[in-house]
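Student: I'd like to go over a predicted model; first the sequence, then the structure.
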Amino acid sequence: MSNYRALDPAKIVATLEQLHLRIAERFPLAGLARVCAEATETASAASERVKTIGRPDLRLRALFYLLLASGLAAIVTIAVKVNYTQGADNVYSVLQGVDSGFNMVVLFGAAILGVARYEERSKRAMALKDLYQLRSLIHIIDMHQLTKDPSVITQTGPATAASPEHRLSAFELTRYLDYCSEMLSLTAKVAALYAQSSGDSVVIGTVNDLEQLAANLSEKIWQKIGLVRFEAPVRALDAAAPAVATRAS
């Protein structure tokens, strides 16, 4: 099968590891590097978990077929033991046999359905637990870019005591924001692994919600990057204007 028809968990983990190195080299003291390390560990664990979710539970499948075979055998046994000869006395025996067979079908049907649904519910619970952790991770990434305000590039007013520190240059700010956007995208790809390995509509719907959340937050980040790229040249022109005026005079 083509390598381009399914996401490769190993490549997602490798990309996150590379991103972690890039962040740690450029911002060695930033908490964003630790967040990326956590995202890498989460992706590594997810790559193993999705294999479990996509793999059939052989014990439950065996129990399913055992119950099915037992139910059929019980019905056949009841059908064989019923006396079908004509006579008023045998009518009651036939009715008893039909009633017993019907009850047997109901009981074994309920047991078989319960076993089949148990595998589905257990794998859904496993996937949703991991997806909720990924949702929290997405919000943590967003928290790290929240105070990275592009307006400080041209800010001239005084800061207050509670104002966050802004020590990044325009270039560093764009790199920091871009790292956040990349991490959001990769976290969404980790979530997509669960949709890829599961046909559960609830899991797929949750993954779609996470992908939309990551896309919306990434869009806001790129709006900030656009402002930085616009404001930085304006600031450079404003700084060069007095020198040009002095030389002209």
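Tutor: On my side now, so go ahead.
Student: in the strand or helix carrying Y176, what's buried?
Tutor: Using DSSP states H and E, Y176 sits in helix 170-197. Residues of helix 170-197 classed as buried by neighbour count (16 or more other C-beta atoms under 10 Å): 170, 173-177, 179-184, 186-197. C-beta here means a position set from N, CA and C on the backbone, and glycine is covered the same way.
Student: okay, strands next: where are they in the chain?
Tutor: Assigned by DSSP state E, the chain shows no strands.
Student: which stretches of it form helices?
Tutor: 9-26, 31-54, 58-81, 88-146, 170-197, 201-248 (DSSP state H).
Student: can you tell me which of those helices the model trusts least?
Tutor: Among the helices of the chain, helix 58-81 carries the lowest mean pLDDT, a mean of 66.
Student: can you list the residues that contact stretch 134-145?
Tutor: By C-beta atoms under 8 Å, 6 or more residues apart in numbering, the surrounding residues in contact with stretch 134-145 are 31-32, 35, 38-39, 42, 46, 176-177, 180, 183-184, 187-188, 190-191, 210, 213-214, 217, 221, 224.
Student: one more time with 7 Å
Tutor: 31-32, 35, 38-39, 42, 177, 180, 183-184, 187, 190-191, 210, 213-214, 217, 221 (C-beta atoms under 7 Å, 6 or more residues apart in numbering).
Student: just the CA trace of it, in PDB.
Tutor: Provided in PDB are the C-alpha atoms of stretch 134-145 (Å, rounded to 0.1, in the frame of the first residue of the first chain):
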ATOM      1  CA  LEU A 134      -4.400  16.300  23.500                       C
ATOM      2  CA  ARG A 135      -7.000  19.000  23.900                       C
ATOM      3  CA  SER A 136      -5.400  20.200  27.100                       C
ATOM      4  CA  LEU A 137      -2.000  20.200  25.400                       C
ATOM      5  CA  ILE A 138      -3.400  22.300  22.600                       C
ATOM      6  CA  HIS A 139      -4.600  24.900  25.100                       C
ATOM      7  CA  ILE A 140      -1.200  24.800  26.900                       C
ATOM      8  CA  ILE A 141       0.500  25.600  23.700                       C
ATOM      9  CA  ASP A 142      -1.900  28.500  23.100                       C
ATOM     10  CA  MET A 143      -1.100  29.800  26.600                       C
ATOM     11  CA  HIS A 144       2.600  30.100  25.800                       C
ATOM     12  CA  GLN A 145       1.900  32.300  22.800                       C
END
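Student: circling back: got the angle for the helix holding Y176 vs helix 9-26?
Tutor: Here helix 170-197 points in a direction 160 degrees away from that of helix 9-26 (axes from the mean of the first three to the mean of the last three C-alpha atoms, to 10 degrees).
Student: other SSEs contacting helix 170-197?
Tutor: For helix 170-197, the packing partners by 3 or more C-beta pairs under 7 Å, 6 or more residues apart in numbering; DSSP states H and E come out as helix 9-26, helix 31-54, helix 88-146, helix 201-248.
Student: that one to helix 31-54, inter-axis angle?
Tutor: Inter-element angle recorded for helix 170-197 and helix 31-54: 10 degrees (by the same axes, to 10 degrees).
Student: could I get the phi/psi values of L29?
Tutor: Backbone torsions of L29, given as degrees, to the nearest 10, read phi -100, psi 0.
Student: what sits against it?
Tutor: By C-beta under 7 Å, 6+ apart, L29 has no neighbours at all.
Student: now do it against R167, distance only.
Tutor: L29 sits 10 Å away from R167, going by C-beta to C-beta, to the nearest Å.
Student: next one: T40
Tutor: Distance from T40 to R167, counting by C-beta to C-beta: 26 Å.
Student: more neighbours: which of the two?
Tutor: Counted by other C-beta atoms under 10 Å, T40 and R167 do not tie: T40 has more neighbours, with 22 against 8.
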